[in-house]
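Asks: Build me a structure from this.
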Amino acid sequence: IDDNEDVFMCYIGGKEAQRVELLSTDEIKDEIETLLRNTFHNITERQLDNTNNGKASIFRPIDVHVTDWSKNLNFCGSYSVYPVHAFATIPHDHLRKGLSSMSQEQQETDAVHPVKLYFAGEAFDDKFNGWVQGAYRSGEHTSELQ
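Replies: Okay, the predicted model is just below:
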């Protein structure tokens, strides 16, 4: 993306996301153009001529990118957002420590190291929950636990 380019981003989910995933790029561009024209109906393209740079329509996207999470076997359309206070009784730090096959007391006294299952991802970051930065930070933190 050039410094001079504007980016319009939107997130959709559920049945609407599944519907949009089935559309062609031109069909998506048509829908976005119609939405923008209807939203800014009182602004004509003639008023925007000086910013139009000879493009066919200021309202038509140059390109679109649609994720295919519902078709990707690694994601299956999932997105980990849990309700506010869903884990209010469990401190966030405890979720990141991982699950062990032994009790805390056994871990401290037994010479055999327990098998642990660690969790990482954007859902396990307390600062950037739901964002790529959270996934990155969580992965770094979890890799240091081993």
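
Asks: quick one, what contacts residue 71?
Replies: By CB atoms under 8 Å, 6 or more residues apart in numbering, the residues touching residue 71 are residue 21. The C-beta positions use only the backbone N, C-alpha and C, and glycine is treated the same way.

Asks: quick one, phi/psi of it?
Replies: phi -100, psi -10 (degrees, to the nearest 10).

Asks: Residue 25 contacts residue 64, doesn't it?
Replies: Yes - the pair residue 25 / residue 64 is scored as a contact, 5.8 Å apart, by CB atoms under 8 Å.

Asks: Neighbour count: these two, which is higher?
Replies: More crowded of residue 25 and residue 64, by other CB atoms under 10 Å: residue 64, with 15 against 12.

Asks: List of residues touching stretch 24-43?
Replies: 8, 20, 23, 57, 59, 60, 61, 63, 64, 66.

Asks: Give me the lowest-pLDDT entry from these.
Replies: Least confident entry in these, by pLDDT: residue 57, with 72.

Asks: That one: how many residues sit nearby?
Replies: Using other CB under 10 Å: residue 57 sits among 13 other residues.

Asks: one step back: any quick PyMOL command for the buried ones out of the contacts of stretch 24-43?
Replies: Remark: buried members of those, expressed as a PyMOL selection using 16 or more other CB atoms under 10 Å:
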select buried, resi 59+61
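
Asks: Just put the contacts of stretch 24-43 in CSV and tack on secondary structure.
Replies: Output for the contacts of stretch 24-43, formatted as CSV (DSSP: H, G, I helix; E, B strand; the rest coil):
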residue, secondary structure
8, coil
20, helix
23, coil
57, coil
59, coil
60, coil
61, coil
63, coil
64, coil
66, coil
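
Asks: could the contacts of stretch 24-43 be laid out in JSON lines, adding distance to residue 139?
Replies: What follows is those, written out as JSON lines (distance: CB to CB, whole Å):
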{"residue": "8", "distance to residue 139": "30"}
{"residue": "20", "distance to residue 139": "29"}
{"residue": "23", "distance to residue 139": "33"}
{"residue": "57", "distance to residue 139": "42"}
{"residue": "59", "distance to residue 139": "40"}
{"residue": "60", "distance to residue 139": "39"}
{"residue": "61", "distance to residue 139": "33"}
{"residue": "63", "distance to residue 139": "30"}
{"residue": "64", "distance to residue 139": "29"}
{"residue": "66", "distance to residue 139": "26"}
